[in-house]
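In: Curious how this folds, go ahead:
(one chain, ligands or ions: 1)
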Amino acid sequence: MSVFQKLIENASNIVVLTGAGMSTESGIPDFRSDAGVWQDEALVHAMSDSYLRRFPQAFWPKFKQVFMRPEYLRAEPNAGHRALAALERMGKQVAVFTQNVDGLHQLAGSTTVFELHGSVRKAECPACMQSYGLDDILAQEVPTCRWENAKGGECRAVLHPDTVLFGQQVRHLERAILAAARCDLFLVLGTSLMVDPVAELPNYARAAGVPIAVVNLEETYIDGHAEVVIRGKIGEVLPQVFPVF
Ligand code: NAD
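Out: Predicted coordinates:
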């Protein structure tokens, strides 16, 4: 039995931190290989809370260009996502904290998922707080609220995406810090750990003496403090460590 397998076997309360590398095998490029979009400074500037508030009509086509390409929306969970869901069926308590906005962990069947950067699959009306799903977001180029008010008129405010934009706070951070320090295994999967404050989470596990396992194609700052570091594809590595069924 490998060290990784032994860590999994001995753990009952597992916290997982995932990043864009979790979904590359589903066909969604990570930050680095998708440099095209992220090197377009004007486009990146538009992915901010302040741009949305000032130019809501211009914001949405740009947001969809970055986050909602049809091929991303058609993406399906890969073997790595399914393996994490299978861990729960093995009787483990698994909390997934993800930086991804694609919703693939939930589609794979993971039940405890905290989306630190929100989701592209939801939006909300900033005026009346009505929630909308993906179909509604895609139905209009600039999605607006169709909630009927008491007088029979429509609200018509431009929706805000659930996705965390530049200038907004990361979600569930306090819960993630507590979970990292209290679990008995901390898994780091497919993240370069370069985006703060999420990048600090493995440090909370380390400070509490929690064993850390990393599966990532590239080196990360936490590797030197991890019990296990595997340079491989998540969708190939995880099903070898615990069976997907
Ligand atoms: P990142 O792109 O900075 O790092 C991804 C890491 O995953 C890299 O180190 C890469 O070597 C590794 N990797 C890629 N494919 C892998 C695989 N199959 N197996 C193992 N490792 C693999 O991503 P990040 O750290 O998550 O930070 C980027 C930011 O971009 C996040 O805030 C995230 O919200 C956002 N983002 C999200 C998505 C998504 O939702 N799928 C996609 C792109 C970017």
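In: I figured residue 77 hits residue 108, correct?
Out: Yes - applying Cβ atoms under 8 Å as the test, residue 77 and residue 108 come out as touching, 3.6 Å apart. Yep, even glycine has a C-beta here, placed from its N, CA and C like the rest.
In: Quickly list what's touching both of these two.
Out: Here residue 77 and residue 108 have residue 85 as joint contacts, going by Cβ atoms under 8 Å, 6 or more residues apart in numbering.
In: Just confirm residue 132 is within a helix.
Out: No - Residue 132 sits outside any helix when classified using DSSP: H, G, I helix; E, B strand; the rest coil, being strand.
In: isn't it right next to residue 122, touching?
Out: Yes - with contact defined as Cβ under 8 Å, residue 132 counts as touching residue 122 (7.0 Å).
In: This protein: helices as residue ranges?
Out: For the chain, the helices defined by DSSP state H occupy 3-10, 35-38, 41-46, 49-54, 56-67, 70-73, 79-89, 104-108, 134-139, 173-182, 201-207, 234-241.
In: Near residue 137, how many other residues are there?
Out: Residues lying near residue 137 (other Cβ atoms under 10 Å) number 21.
In: Please apply the same query to residue 95.
Out: Residue 95 is flanked by 20 other residues according to other Cβ under 10 Å.
In: Now for this protein, the helix or strand with the poorest mean pLDDT.
Out: Across the helices and strands of the chain, mean pLDDT, DSSP states H and E gives its lowest value to helix 35-38, namely a mean of 66.
In: What parts of this protein come near the ligand?
Out: Of all the residues in the chain, those in contact range of the ligand (Cβ under 6 Å from any ligand atom) are 19-21, 23-25, 28, 30-32, 34, 99-102, 117, 190-192, 194-195, 215-218, 233-234.
In: Just the pLDDT for the closest residue to residue 3 other than its chain neighbours.
Out: Distances taken as Cβ to Cβ, 6 or more residues apart in numbering put residue 228 closest to residue 3, at 5.3 Å, once the chain neighbours are dropped. In this model, residue 228 is scored at 97, pLDDT.
In: what sits against the residue nearest to the spatial centre of the chain?
Out: Geometric centre of the chain, nearest residue: residue 100, 2.1 Å, by Cα atoms, centre = their mean. By Cβ under 8 Å, 6+ apart, the residues touching residue 100 are 18, 19, 20, 22, 23, 115, 117.
In: okay but the fourth one is in contact with residue 81, surely?
Out: Yes - if you go by Cβ under 8 Å, residue 22 and residue 81 touch, sitting 6.9 Å apart.
In: could you list every residue that touches the residue of the chain most remote from its centre?
Out: Taking Cα atoms, centre = their mean, the residue of the chain most remote from its mean C-alpha position is residue 151, at 39.5 Å. For residue 151, no contacting residues are found, by Cβ under 8 Å, 6+ apart.
In: pLDDT value on the closest residue to residue 71 other than its chain neighbours, please?
Out: Spatial nearest neighbour of residue 71, excluding adjacent residues (Cβ to Cβ, 6+ apart): residue 27 at 6.3 Å. Residue 27 carries a pLDDT value of 92.
In: Near residue 27, how many other residues are there?
Out: Neighbours around residue 27, by other Cβ under 10 Å: 12.
In: likewise residue 194?
Out: Residue 194 has 12 neighbouring residues, counting by other Cβ under 10 Å.
In: Residue 167 now?
Out: The number of residues packed near residue 167 is 12, by other Cβ under 10 Å.
In: Kindly report the same for residue 88.
Out: A total of 16 residues lie near residue 88 under the criterion other Cβ under 10 Å.
In: still on that earlier bit, lowest-confidence stretch among the helices of the chain?
Out: helix 35-38 (a mean of 66).
In: before we move on, back to that, format the helices of the chain as TSV; extra columns: distance to residue 162.
Out: Listed next are those as TSV, based on distance: least, Cβ to Cβ, whole Å:
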stretch	distance to residue 162
helix 3-10	32
helix 35-38	19
helix 41-46	17
helix 49-54	12
helix 56-67	11
helix 70-73	15
helix 79-89	20
helix 104-108	13
helix 134-139	10
helix 173-182	16
helix 201-207	21
helix 234-241	25
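In: That'll do, ta.
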